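Visitor: Got a predicted structure here, sequence first:
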Amino acid sequence: MMLAFAPVALAALAILACTALTLASIVAVFRATSTRRGGAPRRAPTSPPVTILKPLCGADDDLEANLATFFELDYPDFELVFGVEGDADPAIAVVRGLRARYPDVRARLVIHDGKRGLNPKVSNLRAILEAGTHDVVLISDSNIAVGRGELRAMVDTLEGDPETGLVTSLFAGVGEATLGATLENLHLVGAVAGSVAATGVMSPNAVCVGKSMLFRRSVLDGLGGLGAVANVLAEDYVIGCMFAAAGYRVRLSPSVIDNTCKSTTVRRFLARHRRWALIRSRVAPLLYPFEWLANPMAVALVAAALGVAGPLAVTWGLALTLVRDALQWVRLRGRRGLAMALPLGPLKELAMIAVWASAPFVRRVSWRGKSFRVSTGTRLYAEAPVEEPAVLRCE
C-alpha cells in the first residue's frame with residue numbers, strides 16, 4: 001500500500017512545487033514593475049552622457065519604428081552608434097534615413113566585416129564600441145522599442161546605488177501578426193518574464209538579459225571586456241556573472257521595454273527557444289533537469305502518469321497556465337491581443353516540453369545565418385578558421 005501511495009505523493013509534491021513557482025513568478029513580475037510602466041526610480045544626482053550601441057543585422061520587424069524610439073529619448077546627453085556587417089545590409093538605408101530625420105541627434109554608422117568573435121552579436125559590438133565616446137554604455141537589440149523615459153530610468157538605477165554595476169530590463173513581446181509570433185510573444189510575457197523577474201526580485205542579482213544592458217565601460221574593461229565573451233553563445237549571462245563575481249549588483253530597470261516580434265514562424269519560434277534552452281542546459285546543468293517543474297502542463301502529464309486523476313491534473317495545469325499568462329500579459333503590455341493569444345498558452349507549454357527534452361542533445365546552433373558547435377558553458381567553436389577583422393568605414 002505504501003508503494004502504491006508513493007507515486008501519488010510524488011505527483012502531489014510536483015503539483016505543489018509548480019504551483020509555488022508559478023505564483024512566485026507572477027508576484028515577481030508585479031513587484032518588479034511596481035513603478036508605473038515607463039516610470040523611473042528616485043532621480044540620481046548626475047546624468048552622465050551615454051553611448052547607445054545598436055548592433056544590426058537585416059531588416060527586422062518594424063526596424064525603423066523601433067530605432068526611432070531611441071532618437072526620441074528624453075535624456076540630456078546621449079549618442080547612438082549603429083553597426084552592420086557588410087555593405088549590403090538593408091539596415092544601412094534605415095539608419096541613414098533616421099539620421100536625416102533627426103539631424104540634432106548624434107548618431108554614427110559603422111560598417112565592418114565582422115570577424116571579431118564567433119558570437120555574431122559580440123563581434124558586431126566589438127567593431128562599434130570604439131566609435132563610442134562615453135563611459136556609460138547601453139547595449140540594446142535591434143528589435144527593441146522604448147519609452148522616452150527608459151534611458152533615464154536605467155541611468156537612475158545605475159547611478160542611484162554605488163554597488164550596482166549593471167542594469168538590465170524586463171521585456172514584453174509585442175506586435176504579433178502570425179501564429180509563430182503569437183506563440184513567441186505569449187512565451188516571453190509568461191514563462192520568460194516570470195523567470196527573469198524572479199531573479200531580480202528574489203535574489204541579489206537579476207539574470208542579465210542581452211536585449212538591454214547598461215554599464216560603465218571602464219568597469220567591464222577591467223573585468224576582461226567584450227573580448228572575454230566573444231566566443232560564447234550566452235554572452236549576456238556571462239557578462240552578468242562577471243559583474244556579480246566582482247562584487248557588483250545586477251539590477252532590473254523599473255520600466256518595461258517592448259520586444260517586437262511580428263512575423264516569425266512556428267519553426268523559428270521553436271528553434272529560438274531550443275537555442276535558449278541549450279544555453280540554460282550548458283550554464284546550469286544541475287538545475288536544468290528540474291525546469292519541467294515550472295511548466296504546469298508538463299507537471300500535469302507527469303501527475304496523471306503517476307496516478308492522479310487525468311482530468312483533474314489537466315484541469316489544474318490548464319488553469320495555472322492561463323492564469324499566469326493572462327496576468328503577466330496584462331501587466332506587461334495591457335489587454336490588447338490577449339483574447340486571441342491566451343488559448344494558445346497550454347499548446348505552447350506542451351511544445352516547450354519537447355524543446356526542453358531535446359536541447360541538451362543539441363551540439364550545433366545556427367544563428368544569424370552562421371553555424372557553430374557548442375560546448376560546455378556555451379563555448380563556441382568554428383567549423384573553419386576566422387580571418388582578421390577590418391572596419392570598412394565609419395559614417
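Guide: Alright, I've got the coordinates.

Visitor: can you give me the helices for the protein?
Guide: 2-32, 63-71, 91-101, 120-129, 150-159, 179-187, 193-202, 217-222, 235-245, 266-283, 296-305, 310-333, 338-341, 345-358 (DSSP state H).

Visitor: Could you tell me the model confidence score at residue 59?
Guide: We have a pLDDT of 86 for residue 59.

Visitor: measure it to residue 313 for me?
Guide: 45 Å (C-beta to C-beta, to the nearest Å). For the C-beta atoms, the positions are set from N, CA and C on the backbone; glycine is no exception.

Visitor: So if I had to pick from the two, which one is more boxed in?
Guide: The neighbour comparison of residue 59 against residue 313 (other C-beta atoms under 10 Å) goes to residue 313, with 24 against 14.

Visitor: got any ranges where this protein has weak pLDDT?
Guide: Flagging of the chain using pLDDT under 70 yields the residue ranges 1-5, 35-45, 309, 367-369, 383-394.

Visitor: how does it look with 50?
Guide: 1-4, 36-40 (pLDDT under 50).

Visitor: ok, residue 124 to residue 62 distance?
Guide: When residue 124 is compared with residue 62 (using C-beta to C-beta), they lie 20 Å apart.

Visitor: Which residue of those two possesses the greater neighbour count?
Guide: The neighbour count for residue 124 versus residue 62, taken as other C-beta under 10 Å, is higher for residue 124 (26 against 18).

Visitor: How about the contacts made by the more buried one?
Guide: Contacts here follow C-beta atoms under 8 Å, 6 or more residues apart in numbering; on that basis residue 124 touches 55, 56, 57, 83, 84, 85, 112, 114, 116.

Visitor: Out of the residues you listed, name the two that are farthest from one another.
Guide: 56 and 116 (15.3 Å; C-beta to C-beta).

Visitor: I'd say residue 54 and residue 146 touch.
Guide: No. Contact criterion C-beta atoms under 8 Å: residue 54 and residue 146 do not qualify, at 11.6 Å.

Visitor: tell me, what's touching these two both at once?
Guide: 70, 140.

Visitor: Would you mind putting the helices of the chain into TSV with distance to residue 252 alongside?
Guide: Shown next, in TSV, are the helices of the chain (distance: least, C-beta to C-beta, whole Å):
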stretch	distance to residue 252
helix 2-32	5
helix 63-71	20
helix 91-101	29
helix 120-129	21
helix 150-159	8
helix 179-187	19
helix 193-202	4
helix 217-222	18
helix 235-245	11
helix 266-283	19
helix 296-305	25
helix 310-333	13
helix 338-341	24
helix 345-358	24
